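Asks: Sequence and predicted structure below; questions after.
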Amino acid sequence: MSMLWRRAGLAAAAVLVTIGSARAQTNLVTNGDFELSTHGSGQIGYNTTVTGWATNGYNFLFASGTADHAGTTGQYGNLQLWGPGNGSANGLPASSPSGGNFIAADGAYDQGAITQSISGLTVGQTYALTFEWAGAQQSGFTGPTTEQWEVKLGGDTRYTPVLDDVSHGFTGWITQTFTFTATAATELLSFLAIGTPSGVPPFSLLDGVSLHATAIPEPSSSLILAAGCAAMAGMRRLRSRSRRAAR
């Protein structure tokens, strides 16, 4: 009989582990790689929108390979970032490590956060926010710059390190992870570019945004009851088979 209980208990544990793993792997961010947009690259909120995201700042969406070549169009005309395609051997690649589109936000002019409302959170549960970011400079300007992101989830704020960028430079892509604890079922995720100095536009780049649960809370009583019922049903089936085999 102890073997029957052991097998039933293992089955119940497998149910709980499977449920927990599925919850932990769910990315709660919509369009975190910025591949979905209305008109491709452009100034967000001016001539393009990015699905799931909102902004009122001087922020742009670049398609892969365009930042230092064709650039993109904003309210003041064409905008490019310094890179190999326009005369700076700074190592700017065609896209981020995630590939495809990425965001470029001016950190010193008409600043405005890039935001998304995140739902499906569990109060008291911790979440890991991971994203790729870098520092760059608008083409046509000269002088060293600094770049940074202010990141918020609800009322909790984190700051990336400040990157020091040389004139006509590019810092390289960095993977950043912050941990937040949810205080409501729905909270606002926010990225605000911070840069210096004004007049030699410092741009903070962003891509590959994901938000995953890191600590699964204790199973609810209903989940425990369901697992217990499954275990008992399994035990009854095993007992019935054992009796038939003994006849």
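Replies: Okay, I see it.
Asks: per-residue confidence at the nearest residue to residue 205 once chain neighbours are set aside?
Replies: The shortest distance from residue 205 to any non-neighbouring residue, by CB to CB, 6 or more residues apart in numbering, is to residue 134 (4.3 Å). C-betas here are computed from N, CA, C, even on glycine. In this model, residue 134 is scored at 98, pLDDT.
Asks: For the helix or strand containing residue 134, name the packing helices and strands.
Replies: Using DSSP states H and E, residue 134 sits within strand 126-137. Packing partners of strand 126-137 (3 or more CB pairs under 8 Å, 6 or more residues apart in numbering; DSSP states H and E): strand 145-153, strand 163-165, strand 174-181, strand 187-196, strand 202-213.
Asks: can you give me how far it is from the chain middle?
Replies: Here strand 126-137 is found 7 Å from its chain centre; the criterion is CA atoms, centre = their mean, to the nearest Å.
Asks: can you pull the buried residues of it?
Replies: Residues of strand 126-137 classed as buried by neighbour count (16 or more other CB atoms under 10 Å): 127, 129-137.
Asks: Distance check, the residue nearest to the spatial centre of the chain against residue 154.
Replies: Central residue of the chain (CA atoms, centre = their mean): residue 209, 1.8 Å from the mean position. Separation of residue 209 from residue 154 (CB to CB, to the nearest Å): 16 Å.
Asks: residue ranges for the helices of this protein, please.
Replies: 2-24, 221-246 (DSSP state H).
Asks: ok, now which ones touch residue 54?
Replies: By CB atoms under 8 Å, 6 or more residues apart in numbering, residue 54 lies in contact with 45, 114-116.
Asks: Tabulate those residues in a markdown table, adding columns for distance to residue 143.
Replies: Shown next, in a markdown table, are those (distance: CB to CB, whole Å):
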| residue | distance to residue 143 |
| --- | --- |
| 45 | 28 |
| 114 | 25 |
| 115 | 30 |
| 116 | 33 |
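Asks: low-scoring pLDDT stretches of this protein, where are they?
Replies: 1-24, 215-247 (pLDDT under 70).
Asks: can you do 80?
Replies: 1-25, 215-247 (pLDDT under 80).
Asks: Tell me the one among the buried residues of strand 126-137 nearest to residue 67.
Replies: residue 136 (7.7 Å; CB to CB).
Asks: thought the closest one was touching residue 86?
Replies: No - judged on CB atoms under 8 Å, residue 136 makes no contact with residue 86 at a distance of 11.9 Å.
Asks: From residue 146, how far off is residue 166?
Replies: From residue 166 to residue 146 the distance is 11 Å (CB to CB).
Asks: more crowded one of these two?
Replies: In terms of neighbours (other CB atoms under 10 Å), residue 146 is the more surrounded of residue 166 and residue 146; the figures are 18 against 13.
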